[in-house]
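Asks: test case, fold it:
(one chain, ligands or ions: 1)
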Amino acid sequence: MSEPVASTKSRKVPRVLVLGGGTVGLYTAKRLRKRLGNREAAIVVVDPRPYMTYYPFLPEVAAGSIDPRWAVAPHRRALKGVDVLQGKVSQIKHADRTVQITPEEGEPYWVTYDHLVVGLGSVARTLPIPGLAEQAIGFKQVEEAIALRNQVLNRIDVASSTWDPGLRRKMLTFVFVGGGFAGIEALAEVEDMARAAVKYYKAIEEEELRFVLVEGSPRILPEVSEELGGYTLEQLRKRNIEIYLSTFLSSCVDGHVVLSNKTEFDAETIIWTAGVKANPVLQDSDLPLDKLGRVICNAKLQVTQEDGTVVPDAYAAGDCAAVPDLTQPGKTCPPNAQHAVREGNHLGDNLARVLRSAEPTEYSHKNVGAVASLGVYKGVAQMFGRLKVRGFLAWVLHRTYHVGAMPTFNRKVRIMAGWTGSLLLRREVVALGAIHDPRAEFRAASQPAKPKTQEAPPREPELASAKPAPSIPAIKEESGSPAESEKQNASKS
Ligand SMILES: Cc1cc2nc3c(=O)[nH]c(=O)nc-3n(C[C@H](O)[C@H](O)[C@H](O)COP(=O)(O)OP(=O)(O)OC[C@H]3O[C@@H](n4cnc5c(N)ncnc54)[C@H](O)[C@@H]3O)c2cc1C
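Replies: Residues are numbered from 1 along each chain as shown. Down below sits the predicted model:
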């Protein structure tokens with residue numbers, strides 16, 4: 001883009017500035033570009049990330065069933081004919097038609113526009129729980145899904161060579177807080193992967209893995225019926241997952257977990273999936289917000305004042321917008337991908353109408369249902385309100401629905417190719433934990449050599465006697481030939 005600073009020059013081509021290149025941003029920009037040529041509208045998308053993330057696939061990314069790169073759609077490839085600015089929106093002054101953007105490096109700058117689309121999504125809703133910020137990880141970004149997978153597999157690796165039982169138990173305890181869709185899918189997928197992984201470890205028994213779910217309300221998966229929520233609970237309990245309902249996380253300082261029902265234990269891995277809130281940057285704007293911090297809209301996806309007066313040239317949709325649900329009067333559309341994709345497309349169409357001096361139309365969509373994966377070949381789904389599906393068929397529905405909704409043909413093909421590969425060759429359970437500190441090895445190699453000491457080296461017999469071999473029950477018992485060990489390993493799996 002040639003104009004990174006505020007300009008009052010009148011433009012020949014109206015500029016549509018799309019804040020956020022997520023689900024709403026990507027679909028709005030794509031649809032608008034399809035409807036209008038370059039001479040009718042200039043479209044600019046702003047996002048700190050160079051890609052849109054398809055969140056419903058994050059649990060499968062964490063489980064290693066989908067390569068992380070295939071669960072995101074790169075803006076430069078998916079948004080042809082659209083300008084992309086990488087940076088964070090830091091202020092919105094709609095009265096002046098300007099937005100401040102803070103790039104990753106360099107000074108913040110202002111961009112002007114004629115029409116504004118707000119698709120800034122949501123962020124994790126956290127609570128001031130002691131230890132949470134230091135100890136837990138969220139589950140909202142693809143990087144978090146990659147880190148979670150590496151963490152779980154790495155803990156299994158390290159625990160298999162750790163003889164202190166307390167430490168092993170802490171390493172092999174994984175706590176998920178939040179029983180909504182994201183939390184349950186993440187828990188079920190990761191647990192499934194961990195059980196598949198420990199089959200390759202002689203020193204770890206499956207029973208040593210401890211997965212814990214903590215949910216504040218008396219039920220899980222509020223998006224489906226109580227019956228299906230109950231079925232899911234039953235399935236998770238059968239897999240020895242510990243479930244605490246109507247229970248809150250009270251503290252987790254240094255990994256010592258304390259629950260509101262006085263249960264206490266140690267866990268090195270705590271995943272926080274207890275809800276989202278509208279993007280807080282909206283507080284730094286002059287757009288009208290509701291009590292939950294969402295931009296107030298009408299069903300045409302136009303921003304409005306509380307009394308319904310339309311704010312000219314401003315539109316919003318998705319998790320950060322309070323869009324009236326015309327199928328359920330008095331309610332707003334729930335924050336999910338099903339609505340965000342459709343609202344994005346609808347908004348693209350509406351903007352094309354407005355720019356051609358036609359009237360925008362109202363958005364209305366009746367929820368088609370919800371599908372969730374609970375691990376390979378396991379799932380739960382509720383379609384069209386009444387149709388309840390469980391097990392393998394629900395899992396197939398989940399994969400079919402989401403691969404259909406995943407943006408770009410390229411990604412659909414790559415995801416399906418990956419699934420086919422895993423079905424034929426089994427899933428991959430290697431952890432690349434060192435990726436989180438790739439310079440560690442090089443730093444160590446760059447250390448100057450230690451000066452030689454003058455002390456005489458200890459005599460070998462003393463050295464040997466000073467270091468008793470650790471007692472390793474699991475390995476000691478299996479100290480046969482490599483062939484024998486292979487056989488035992490195979491019988492375990
Ligand atoms: C783990 C997980 C699983 C889910 N599973 C499902 C599911 O199975 N089914 C379903 O229907 N829904 C699911 N959802 C919810 C669904 O994905 C979201 O409701 C939907 O993506 C919201 O779209 P959006 O465009 O409003 O927000 P997003 O897609 O989050 O887009 C917001 C964009 O704004 C960008 N952004 C943030 N801050 C700034 C800033 N300051 N400046 C510029 N850009 C910024 C972000 O980088 C992002 O690209 C899931 C969500 C999660 C987290």
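Asks: counting neighbours, what do you get for the closest residue to the ligand within the stretch 301-450 of the chain?
Replies: Using C-beta to the nearest ligand atom, the closest approach of the stretch 301-450 of the chain to the ligand is made by Gly318 at 2.2 Å. Yep, even glycine has a C-beta here, placed from its N, CA and C like the rest. Burial of Gly318 is recorded as 34 neighbouring residues (other C-beta atoms under 10 Å).
Asks: what's the answer for Ala440, then?
Replies: Residues contacting Ala440 under the criterion other C-beta under 10 Å number 10.
Asks: what does stretch 260-270 rub up against?
Replies: When contacts are defined by C-beta atoms under 8 Å, 6 or more residues apart in numbering, stretch 260-270 is touched by residues 132, 135-137, 148, 151-152, 155, 166, 169-171, 173-175, 177, 210, 212, 244, 247-250, 252, 255-258.
Asks: how about stretch 86-101?
Replies: Outside of stretch 86-101, the residues within contact range by C-beta under 8 Å, 6+ apart are 6, 17, 19-20, 46-50, 85, 102-104, 108-114, 116, 118, 120, 281-282, 284-287, 311, 313-314.
Asks: burial check on whichever residue of the chain sits closest to the ligand, number of neighbours?
Replies: Using C-beta to the nearest ligand atom, the single residue of the chain nearest to the ligand is Gly22, 1.7 Å away. Residues contacting Gly22 under the criterion other C-beta under 10 Å number 26.
Asks: wait, isn't it in contact with Pro48?
Replies: No - under the contact definition of C-beta atoms under 8 Å, Gly22 does not touch Pro48, with a separation of 10.9 Å.
Asks: how close does the most centrally placed residue in the chain sit to Trp272?
Replies: Using C-alpha atoms, centre = their mean, the residue of the chain that lies closest to the mean C-alpha position is Lys140, 3.1 Å off. Spatial separation of Lys140 from Trp272 under the definition C-beta to C-beta, to the nearest Å is 9 Å.
Asks: equivalent analysis for Phe57, please.
Replies: If you measure Phe57 against Trp272 using C-beta to C-beta, the figure is 20 Å.
Asks: domains of the chain?
Replies: Taking automatic domain parsing as the reference, the chain has its domains at 15-48+87-124+277-355, 132-272+369-434.
Asks: among these, which is the most enclosed?
Replies: domain 15-48+87-124+277-355 (a mean of 20; mean count of other C-beta atoms under 10 Å).
Asks: count of neighbours near the closest residue to Met193 other than its chain neighbours?
Replies: For Met193, the nearest residue in space outside its immediate sequence neighbours is Ala63; the separation is 4.2 Å by C-beta to C-beta, 6 or more residues apart in numbering. Ala63: 27 surrounding residues under other C-beta under 10 Å.
Asks: contacting residues around Ala63?
Replies: When the contact criterion is C-beta under 8 Å, 6+ apart, the partners of Ala63 are Arg149, Glu189, Val190, Asp192, Met193, Gly375, Val376, Arg427.
Asks: the stretch 201-350 of the chain against the ligand: which residues are in contact?
Replies: Selection of the stretch 201-350 of the chain residues close to the ligand by C-beta under 6 Å from any ligand atom yields Asn279, Val281, Gly318, Asp319, Cys320, Pro335, Asn336, Ala337, Gln338, Ala340.
Asks: list phi and psi for the third one.
Replies: It refers to Gly318. Gly318 adopts backbone torsions of phi 90, psi -160, taken as degrees, to the nearest 10.
Asks: and the gap between it and Lys88?
Replies: As it turns out, when the distance is counted by C-beta to C-beta, Gly318 lies 17 Å from Lys88.
Asks: all helices of the stretch 1-150 of the chain, in order?
Replies: 23-35, 58-62, 75-78, 132-135, 142-159 (DSSP state H, counting those that start in this stretch).
Asks: cool, and the stretch 251-400 of the chain?
Replies: Taking DSSP H, counting those that start in this stretch to define them, one finds helices in the stretch 251-400 of the chain at 337-355, 391-405.
Asks: out of these, name the one with the poorest average pLDDT.
Replies: Here the lowest mean pLDDT among these goes to helix 391-405, at a mean of 94.
Asks: could you export that helix as CSV, CA atoms only?
Replies: What follows is helix 391-405, C-alpha atoms only, in CSV (Å, rounded to 0.1, in the frame of the first residue of the first chain):
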residue,chain,number,x,y,z
GLY,A,391,-19.6,-42.4,17.5
PHE,A,392,-18.1,-43.1,14.1
LEU,A,393,-20.8,-41.5,12.0
ALA,A,394,-20.6,-38.2,14.0
TRP,A,395,-16.9,-38.2,13.5
VAL,A,396,-17.3,-38.6,9.8
LEU,A,397,-19.9,-35.8,9.8
HIS,A,398,-17.4,-33.6,11.8
ARG,A,399,-14.6,-34.1,9.3
THR,A,400,-16.9,-33.7,6.2
TYR,A,401,-18.6,-30.5,7.5
HIS,A,402,-15.4,-28.8,8.5
VAL,A,403,-13.3,-29.7,5.5
GLY,A,404,-16.1,-28.3,3.4
ALA,A,405,-16.0,-25.0,5.4
